[in-house]
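*Asks:* the following block contains a protein sequence and its predicted model.
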Amino acid sequence: MITFAFGVEAWPRSLEVQDVERHKSTLIQQARYALLTKQPTVARTVSRGALYWERWLLEKDPGHSEEERVLSGLELAGDAGDWKEAELMLAHCESSVALKDRTFVEKWRETVRVHLPEQVENEQRLEIAFQKLKGKKVEDEFARDVMARAAEIGAVGSPVPVNYISARISASQGWSDEAEAYYAALLVCRPLWIPYIVQLSEHQAKTDLKRAFNTIEAAKLLLGKDFWLAT
């Protein structure tokens with residue numbers, strides 16, 4: 001199984017609703033622990049993973065309380081600092097006869113209006129810094145400076161672009177272990193996003209073919225033997 005910081009697993013045992021529900025609950029507990037141990041980027045990464053599964057459950061388990069799942073998803077989006085995902089949850093509310101006129105929807109709309117511009121601005125700043133490094137081997141000090149900026153943004157914004165850029169920088173600088181950790185973090189954030197599975201396994205194959213093979217085999221067990229054909 002693919003793991004991230006302090007043993008956080010990217011995937012549930014199976015894609016059965018009960019297993020996914022159990023996995024989501026575990027991620028929420030691990031996010032709380034990361035906050036207690038003052039690891040905000042880790043906490044946001046794990047919260048983003050829990051949010052992913054909450055949205056999955058909203059679609060795959062319609063018999064459960066729709067309002068309960070939406071409220072949980074909005075709270076997890078806030079914990080992850082991913083206001084774009086909160087927008088998607090609100091879009092779901094607007095298309096739902098049962099939810100579109102609920103009081104909490106307007107309150108969350110206002111919260112998103114306040115925070116989303118900051119998230120977009122931070123991600124633009126990070127992308128500009130990354131472009132200076134893209135495709136280049138630069139001094140480690142400069143690369144570390146960009147990584148430090150990414151960590152700062154990771155403490156207040158979505159962990160997806162932060163982990164992605166950190167993985168790319170680490171890989172380009174030859175920091176193999178760090179790069180693998182960031183690629184694994186991306187899978188926690190977006191666990192069924194096939195390009196992230198492929199990127200992790202390709203990176204692992206540079207130093208450890210057996211570990212790369214295990215990643216692909218684990219993905220096959222969860223998603224099916226031809227999972228990569230979905231890309």
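*Replies:* Cool, the structure landed.
*Asks:* which ones are touching residue 129?
*Replies:* By C-beta atoms under 8 Å, 6 or more residues apart in numbering, the residues touching residue 129 are 146, 149. No exception for glycine: its C-beta is placed from N, CA and C like everyone else's.
*Asks:* need the mean per-residue confidence for whatever helix or strand it lives in.
*Replies:* Assessed by DSSP states H and E, residue 129 sits inside helix 103-131. Regarding helix 103-131, the rounded mean pLDDT is 89.
*Asks:* so the nearest residue to residue 78 once chain neighbours are set aside, which of the three states?
*Replies:* Excluding the flanking residues, the one nearest residue 78 by C-beta to C-beta, 6 or more residues apart in numbering is residue 86, at 6.8 Å. What DSSP: H, G, I helix; E, B strand; the rest coil gives for residue 86 is helix.
*Asks:* which ones are touching residue 86?
*Replies:* Counting by C-beta under 8 Å, 6+ apart, residue 86 has contacts 74, 77, 78, 108, 111, 112, 116.
*Asks:* out of those, the closest to residue 208 would be?
*Replies:* residue 77 (35.1 Å; C-beta to C-beta).
*Asks:* thinking that closest one is in contact with residue 83, fair?
*Replies:* Yes: Residue 77 is within contact range of residue 83, at 6.7 Å (criterion: C-beta atoms under 8 Å).
*Asks:* list residues touching both of these two?
*Replies:* In contact with both residue 77 and residue 83: no residue, using C-beta under 8 Å, 6+ apart.
*Asks:* same drill for those two, tell me which one is more crowded.
*Replies:* Neighbour comparison, residue 77 and residue 83: the larger count goes to residue 77, with 28 against 24 (by other C-beta atoms under 10 Å).
*Asks:* now the more buried one: closest residue in space that isn't a chain neighbour?
*Replies:* Nearest non-adjacent residue to residue 77, counting by C-beta to C-beta, 6+ apart: residue 86, 3.8 Å away.
*Asks:* again, but for residue 191
*Replies:* Nearest non-adjacent residue to residue 191, counting by C-beta to C-beta, 6+ apart: residue 10, 4.9 Å away.
*Asks:* looking at it, the one you found is touching residue 187, isn't it?
*Replies:* Yes: when contacts are counted by C-beta under 8 Å, residue 10 is listed as touching residue 187 (4.1 Å).
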